[in-house]
Each structure stands twice: as structure tokens, then as C-alpha cells.
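**Student:** model the following, please.
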Amino acid sequence: MLTVVHLAVMARSLLVESRNTYSRAAWLLVLLLLPVIGVVAYALFGEPWVARQFQRRAKKVFRKLEWRGGIDAAAALQSVPERFHAAFKVCERIGRWPVVDGNKATIAADSNAAIDSMVRDFDDARQTIHISFYIWLVDHNGLKIVQALERAASRGVVCRVMADAIGSRALIASKYWRAMREAGVRLCVSLQMRRGLAFLQGSRIDLRNHRKIVVVDDRITYCGSQNCADPEFRIKPRFAPWVDIMMRFEGPVVRQNQLLFADAWMVEADEDLSGVAALPIAPPVAGGFPAIAFGTGPMSVKGEMSDAFVGVLYGAEREAIISTPYFVPDPPLMEALVSCARRGVQTTLILPARNDSAAVGAMSRATYAELVEAGVRVFEFLGGLLHAKTLVADGEAALVGSANMDRRSLELNFENNILLYCPDTAAAIRDRQHIYLTNAREVSRGDMRNRPMRRILWQNLLTIFAPIF
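**Tutor:** A predicted model of the protein is given here:
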């Protein structure tokens, strides 16, 4: 009987047509080497299965939240060089709405400043506050947001909060979550885990809502890498400080983040927010720039998030600078990075020297030899865990948000990003990247040659299984 089950699971791993060759080979190897463990692992993590009820609701919501902005995307792209048009069009396909012009953005000085900025906006809010965080800790910054929401709710602002069931479990189980509810804040636990055999009717347990979205009065939105927590990140203090980037946007792009929030809220909280699509969009800001917000997840077309990264990289002619904490690229993204360097683009990749995931850190380092040989300059950040997810091309186009360059963000988790074209704003992000570089060491060809054989073996062994992480 066990043999039949084993063979059936192996056959299943080969029959999934949406799986790429590398993932198929990795799962087949696991199933051959570890028959029993492999079968259990495949049952739990082999496919990004999402609860049927969740899928049905998502399809209904999709039809209700159509873009009604009446904005001419072609006009919005007039100020964007043609080499970046493909990247914006990819994001239009992902988001189901057009590029919008007339936006402006500011970058918070640091994580504490970002929280303080949100609190000020919450205290000025008059209609709605919508928040979605993956990790929300019961710490100084986490409680600042809690208290600001309670103040807003007490004066009649409609506050809706979505927090991931695993990432924010400490807050959800705390008295502060109950206090928010008692104050009138509407709460939703995202992607709740089902206990016992009920998990078979739920979604895959490691599919998480990794998004970071804040929308105030449909006129201000925040997008970036920062969770609702202190930079000391006390649940993993030995990797601190967490170094993040958070941007505050105004303009029509706010509506797109609002729709991303509404989509998730309607699916999980079962409250109809489709009316937000019919409300007047925030007017364009004079002298503003074109941008587009978009979200991806386990139900997205495979490879969409990777397509967005790749589109920006192929638009670069002079320079591409990237920061990301978790780097386990799929083949198209790896090829785009190598191609960038080989065609003469100054390509820089900044990763944390110490990663809170040892396996991901090792898999990242396994790519260094190929990248450095191609001409990519790889730097390891020494000032904590560099958590900022940024990509700036030619100092003009920038992509920021929640998505890492790893398999979880590219294929599994719910993510949100904003692509923008604005030399001034891109330069500000680039200046932040250069601050990271001042506290980083470059990985050289000599470093690659001098690696102990045992380390090479371990890192390369892990890469075989990278497609299943």
C-alpha cells in the first residue's frame, strides 16, 4: 500500500503542468531519497493549494472590484522612456488597472519615523483607515499604531485591520487585539489555520499574507518592506536592527492600493467594500509622476512577480541596484541579472551578511560565483538585517514593496509592490541604497576561490532543493 501511495505521489509531482523543470526535479529527488518524509512533505507543501471556498469568494470579488478610473495609461507613460514600457505593461496585466500619473512620494528616514508618520496621518484621518501587515508585534511601535487606531475609531473613523494569522499571532492573542475590537476597530485574521483534519479543507499552511498596506481616507498610502514593529525586532534580536524602507504616496496610485486591500478584506472578512471602486479617485498631484501598484499571490499567473523584476532589469541601460533580504531567484530572474551585467550595466546586489534564515542565506551565497563571474557586484550588509526590498534602474525607475527575490515571494505569498518612474524619487531611493553600501563589504572573486570545499558542497546541495522552499 505504501509503495502504491509513494508511486502515486511521484506521478502527481510529474503531472503538474504549471511546475517548472527545476521544481519537478527537486521534488522527484526528495521523493526518491526520503520516501515517507517526502510523501508527507509533498502532501503539505508540494502544491500551492488554496481552499476552494477562498477561491470561489476571490473570483466573486474579482468581478466586483473593476477599475473605474477612466485614466489614459498611454498618456501616463508619455514621460517614461520606451525601454521601461514593458515593465509597466507587465504590472498593468498583473494589477488589472492602468498606470496612473500625478503621484508623489516621500521616504521615511527610518522605521521609527515611518510609524510616527502613520500615526500623524491616523490622527488627521476623517473617514477610513485600512491596514494590512504580515508581522505586527506588541512592542513600542506596534502599540503606537494600536493606540492611534483606537483614537481614530473613538471619533468615528472606520478602521479596518488585517493581520496575518502566523506573522501577527502574538498581537492577535493579546489583550491589545481585544482592546481594538472593543474600541470599534474592525479586525480580520488573515489566512487562519485550521486545526486537525480540518486543515485539508483549508489553504496550504505556509501560504501567508506578506503584504504591507496602509491607506488613509483614500488619499494617502504607504508601501514598502516594513512590518509594524520596532527595528530592534525583539522576536529575533540577534539579527537586529531590521533595516527597512517605507514610502508615503499621494495621488491616484492610492486607489490601487485601496483596491488591493478591499480585495483581500472582502474575501476574508466577508464585508462588501466594492463601493470604493466607484468613489472619486484622488486628484493628480501637480508635477507628479507615473506609477502603478499591484499585488500577486498563490492564485496569480505563475511567474508574474518575477516578470515585474525582470521587466525593470531589462529596461536598465547604465545601472541597476537591488537590495533584498532573501535571494533565491528563479531562472528568469537569475538570467536577467547576469544579462544585465554582461551587457555592460553596472549591476549591484546588496544582501544581509547575517540572514535570519540560515538555509536561505546559504542558497543565496551559492549564486555568488555565477553572479560575480558575470560582473555583478555583490555586497553583504553588515549593519543588521537588511530587509529593504528595492530595485532602482538607471536612477530613474524604481520598484519597492513587500516582495523578496525568493521563491516564497515569487510564487507563494500574497505580496504588494509599486513601480514608479521619477528621477527625483528614484534618486532618493538610490541614495538610501548607497547608505547601505557604506556599511557593506564586497564579495570578490578571491572570496569565491577561497571558499572551503565543505561550504561549496553544502551551499550547492541546498540549491538543488531551492525550488521547493
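
**Student:** where does pLDDT dip in this protein?
**Tutor:** By pLDDT under 70, the low-scoring segments of the chain are 44, 70, 72, 195-202, 469.

**Student:** quick one: the strands in the stretch 51-200 of the chain, in order.
**Tutor:** For the stretch 51-200 of the chain, the strands defined by DSSP state E, counting those that start in this stretch occupy 100-107, 128-133, 158-164, 186-190.

**Student:** out of those strands, deepest packed?
**Tutor:** strand 128-133 (a mean of 24; mean count of other C-beta atoms under 10 Å). Where C-beta positions appear, they are placed from N, C-alpha and C, glycine not excepted.

**Student:** quick one: contacts for the residue lying closest to I245 once chain neighbours are set aside?
**Tutor:** In this structure, I245 finds its nearest non-sequential neighbour in A388, 4.1 Å apart by C-beta to C-beta, 6 or more residues apart in numbering. A388 makes contact with 224-225, 243-245, 323-325, 432, 436, according to C-beta atoms under 8 Å, 6 or more residues apart in numbering.

**Student:** give me the subset of the residues you listed lying in strands.
**Tutor:** Counted as lying in strands by DSSP state E, out of those, are 224, 243, 323.

**Student:** turn those residues into a markdown table, including distance to A262.
**Tutor:** Formatted as a markdown table, these follow (distance: C-beta to C-beta, whole Å):
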| residue | distance to A262 |
| --- | --- |
| G224 | 20 |
| V243 | 31 |
| S323 | 30 |
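
**Student:** that older thread, just tell me which of the strands of the stretch 51-200 of the chain ends up closest to L462.
**Tutor:** Nearest to L462, of all the strands of the stretch 51-200 of the chain, is strand 158-164, at 26.3 Å by C-beta to C-beta.

**Student:** give me the sheet partners of that closest one and which way each runs.
**Tutor:** strand 128-133 (parallel), strand 186-190 (parallel) (DSSP bridges).

**Student:** need the residues that contact the first one.
**Tutor:** Under the contact criterion C-beta under 8 Å, 6+ apart, strand 128-133 has outside partners 122, 145, 149, 152, 157-164, 167-168, 190, 209, 211-218, 227-228, 258, 261-262, 264-265.

**Student:** sorry, back to before: top of the contacts of A388 by neighbour count?
**Tutor:** S323 (30 neighbours; other C-beta atoms under 10 Å).

**Student:** show me the beta-bridge partners of it.
**Tutor:** Residues in beta-bridge contact with S323 (DSSP bridges): I350, T390.

**Student:** would you mind confirming that it is in contact with Q433?
**Tutor:** Yes: look at S323 against Q433 with C-beta atoms under 8 Å: they come within range, at 5.8 Å.

**Student:** that older thread, which one of the ones in strands among the contacts of A388 is nearest to R204?
**Tutor:** G224 (26.5 Å).

**Student:** okay, now the closest residue to the closest one other than its chain neighbours: neighbour count?
**Tutor:** Setting aside the residues directly before and after it, G224 is nearest to M246 in space (C-beta to C-beta, 6+ apart), at 3.7 Å. Using other C-beta under 10 Å, the number of residues around M246 comes to 25.

**Student:** nearest to V80, out of the strands of the stretch 51-200 of the chain?
**Tutor:** strand 100-107 (9.6 Å).

**Student:** what's that closest one packed up against?
**Tutor:** helix 73-76, strand 246-250, helix 253-268, strand 289-296, helix 423-438 (3 or more C-beta pairs under 8 Å, 6 or more residues apart in numbering; DSSP states H and E).

**Student:** and G251, how far from P290?
**Tutor:** Noted for G251: a distance of 10 Å to P290, by C-beta to C-beta, to the nearest Å.

**Student:** what residues are shared contacts of the two?
**Tutor:** What both G251 and P290 touch, as defined by C-beta under 8 Å, 6+ apart, is the set 100, 103.

**Student:** for the two, indicate the residue with more neighbours.
**Tutor:** It is P290, of G251 and P290, that has more neighbours when counted by other C-beta under 10 Å, with 27 against 24.

**Student:** please report the distance of the residue nearest to R126 when sequence neighbours are not counted from A282.
**Tutor:** With C-beta to C-beta, 6+ apart as the criterion, R126 has its nearest non-adjacent residue at 6.0 Å, and that residue is D217. Distance of D217 to A282, computed by C-beta to C-beta: 9 Å.

**Student:** so which of the two has more stuff around it?
**Tutor:** Each of D217 and A282 has its neighbours counted (other C-beta under 10 Å); A282 has more, 22 against 17.

**Student:** do you know how far the more buried one is from V16?
**Tutor:** 42 Å.

**Student:** do the same with T296
**Tutor:** Taking C-beta to C-beta, one finds T296 at 19 Å from V16.

**Student:** between these two, which is the more surrounded one?
**Tutor:** A count of neighbours by other C-beta under 10 Å puts T296 above the other of T296 and V16, at 29 against 12.

**Student:** may I see the helices and strands packed on strand 100-107 organised as CSV, with distance to N416 added?
**Tutor:** Shown next, in CSV, are those (distance: least, C-beta to C-beta, whole Å):
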stretch, distance to N416
helix 73-76, 20
strand 246-250, 12
helix 253-268, 6
strand 289-296, 5
helix 423-438, 17
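
**Student:** mind checking these for the one nearest to R408?
**Tutor:** strand 289-296 (11.4 Å).

**Student:** using CSV, list the CA coordinates for that closest one.
**Tutor:** What follows is strand 289-296, C-alpha atoms only, in CSV (Å, rounded to 0.1, in the frame of the first residue of the first chain):
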residue,chain,number,x,y,z
PHE,A,289,5.0,61.0,-11.6
PRO,A,290,3.5,57.9,-13.2
ALA,A,291,3.2,54.8,-11.0
ILE,A,292,1.3,51.6,-10.6
ALA,A,293,0.5,49.4,-7.6
PHE,A,294,0.0,45.7,-8.0
GLY,A,295,-0.4,42.6,-5.9
THR,A,296,0.5,38.9,-6.5
